[in-house]
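Q: Provide a 3D model corresponding to the input given below.
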Amino acid sequence: MCAKKLKFNTKTIHGGQRPDKAYGAVMPPIYQTSTYAQDTPGGHKGYEYSRSANPTRTALENSLASIENGNYGLAFASGLAAIDAVIKLLRPGDEVICTNDLYGGSYRLFKRIFEQYVIRFHFVDMEDLTNIEAHITHKTKLIWIETPTNPMMNIIDIKSVVQLAKKHDILTAVDNTFATPYLQTPLDLGADIVMHSATKYLGGHSDVVVGGLVVNDKDLADRLYFIQNASGAVCGPMDSFLTLRGIKTLHVRMQRHCENGKVVAEYLAHHPKIEKVYWPGFENHPNHKIAKNQMKDFGGMISFVPSGSSYEDAVKIVEKLQVFTLAESLGGVESLAGHPASMTHASIPKAEREKSGVVDALIRLSVGIEDVEDLIADLEQAIG
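A: Numbers count the residues shown, from 1 in each chain. Just a heads-up that it's a prediction; the model follows:
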């Protein structure tokens, strides 16, 4: 059967995969090698040096392409390495329009690394398309979308942004880390590039750091493959193996993340000591209808602000958690809690953070797949 005709749950296990030719291994072997024997100069069996390509990494890249309904996948040493490759498609003088609420590491890479090379970044509220249109000039070469956003859970209408971008011949890239292809497939909505911090939900077990890109266009893929090889920020075979193993259970994990996330979000929304809860599954969420249209479910990422809390009060809450682990990252089987202002988004200046709602008291939860009753009890004792 054609891989593209397989249902998603089947793709996570079989998409882009074949038993190993040497001995029929069901799981792709870990090819822990840096180089490959050649019969004659240039006469190799498809692999010559593992920075350029490695069979285990190829298996992961094929899987990434399959689950995102794309033609070409690329795996990197981290999500930021994948983003770095995308921005290297640009030239000095080019401009990028970005989501104003985005991962702090992305902001740091854009502002503190690439702005040195005369690439300008505009951070705008993409929930209103007119904000994007107002910043488009002949220098605009890329629109960078994050949806749901990190950490405010804003929802951006991918299809509408893509339609606007195509009018002006602008590339669109979507950070799909929070949603995963289980919930949304941006290439099907017209996006040119999908990016993942595969460290998160795709790997799913907090034991690997990997990034990924998926595209449909061959020319774009070739340009990115060149950057991947020339810059060398590739993931190793063991990391590739672990991520591929994680992808095989993505569908069952995401189902539980969504189920638990709904219960936790509703609990927080009705808690007398919680002022605000950010989760796209609420009907009063500003772009709930768009989320319902472009996503299969609403995910396990939630942010909230305790009533009248200060920076210190929020820190006390996350320090008291026992089942939720206070740690950076997200998307693992275990529930994690974070304080964006001092952790994931500390690299963004306070004034800029607060413009998008990332106040000092904001707490971000990555709801895991434990028994949800234990998660509720843990929040209850920590919030008081």
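Q: Alpha carbons only: can I get the worst-scoring helix or strand of the chain on mean pLDDT in PDB?
A: Across the helices and strands of the chain, mean confidence by mean pLDDT, DSSP states H and E is lowest for helix 350-355: a mean of 88. Taking Å, rounded to 0.1, in the frame of the first residue of the first chain, the C-alpha atoms of helix 350-355 are listed here in PDB:
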ATOM      1  CA  LYS A 350      10.800  41.700  30.400                       C
ATOM      2  CA  ALA A 351       9.100  44.500  28.500                       C
ATOM      3  CA  GLU A 352       8.900  42.400  25.300                       C
ATOM      4  CA  ARG A 353       7.700  39.300  27.200                       C
ATOM      5  CA  GLU A 354       4.900  41.200  28.900                       C
ATOM      6  CA  LYS A 355       3.600  42.700  25.700                       C
END
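Q: Give me the buried stretch members for that helix, please.
A: By 16 or more other CB atoms under 10 Å, the buried positions in helix 350-355 come out as R353. C-beta here means a position set from N, CA and C on the backbone, and glycine is covered the same way.
Q: Run the chain-centre distance for it.
A: Centre-to-centre, helix 350-355 and its host chain are 22 Å apart (CA atoms, centre = their mean, to the nearest Å).
Q: With stretch 257-271 instead?
A: Relative to the centre of its chain, stretch 257-271 is centred 22 Å away, using CA atoms, centre = their mean.
Q: and what of stretch 253-263?
A: On CA atoms, centre = their mean, the centre of stretch 253-263 falls 17 Å from the chain's centre.
Q: With stretch 190-199 instead?
A: 7 Å.
Q: E146 reaches G104, doesn't it?
A: No: the pair E146 / G104 is not scored as a contact, 11.6 Å apart, by CB atoms under 8 Å.
Q: Those two: which is more packed in?
A: Taking neighbours as other CB atoms under 10 Å, E146 and G104 compare with E146 leading, 24 against 19.
Q: the domain parsing of the chain - what is it?
A: The chain is divided into the following domains under automatic domain parsing: 3-247, 250-383.
Q: May I ask you to confirm that G212 belongs to a helix?
A: No: going by DSSP: H, G, I helix; E, B strand; the rest coil, the assignment for G212 is strand, not a helix.
Q: residues contacting it?
A: Neighbour list for G212: 60-61, 64, 73-76, 79, 82, 195-196, 198, 202 [criterion: CB atoms under 8 Å, 6 or more residues apart in numbering].
Q: try 7 Å
A: Shown in contact with G212 (CB atoms under 7 Å, 6 or more residues apart in numbering): 64, 73-76, 82, 196, 198.
Q: Identify the bridge partners of it.
A: Taking DSSP bridges as the rule, G212 bridges to A75, H196.
Q: For E146, see how far away the closest residue to Y311 other than its chain neighbours is.
A: Nearest non-adjacent residue to Y311, counting by CB to CB, 6 or more residues apart in numbering: D360, 3.8 Å away. With distances taken as CB to CB, to the nearest Å, D360 is found 22 Å from E146.
Q: what comes into contact with whichever strand or helix holds T130?
A: Per DSSP states H and E: T130 is located in helix 129-133. Helix 129-133 is contacted from outside by 97, 124-126, 143, 160-161, 164, using CB under 7 Å, 6+ apart.
Q: Which stretches in this protein count as helices?
A: Using DSSP state H, the helices found in the chain span residues 8-14, 55-67, 79-87, 104-108, 129-133, 158-167, 180-183, 218-231, 237-247, 250-269, 288-294, 311-320, 350-355, 372-383.
Q: Need the mean per-residue confidence for stretch 191-208.
A: Mean pLDDT, stretch 191-208: 98.
Q: Could you do stretch 283-292 as well?
A: 96.
Q: Tell me which residues of it come out buried.
A: So stretch 283-292, judged by 16+ other CB under 10 Å, has buried residues 285, 287-288, 290-292.
Q: same check, this time on stretch 305-323
A: Result for stretch 305-323 [16+ other CB under 10 Å]: buried residues 305-306, 309, 314-315, 317-318, 321, 323.
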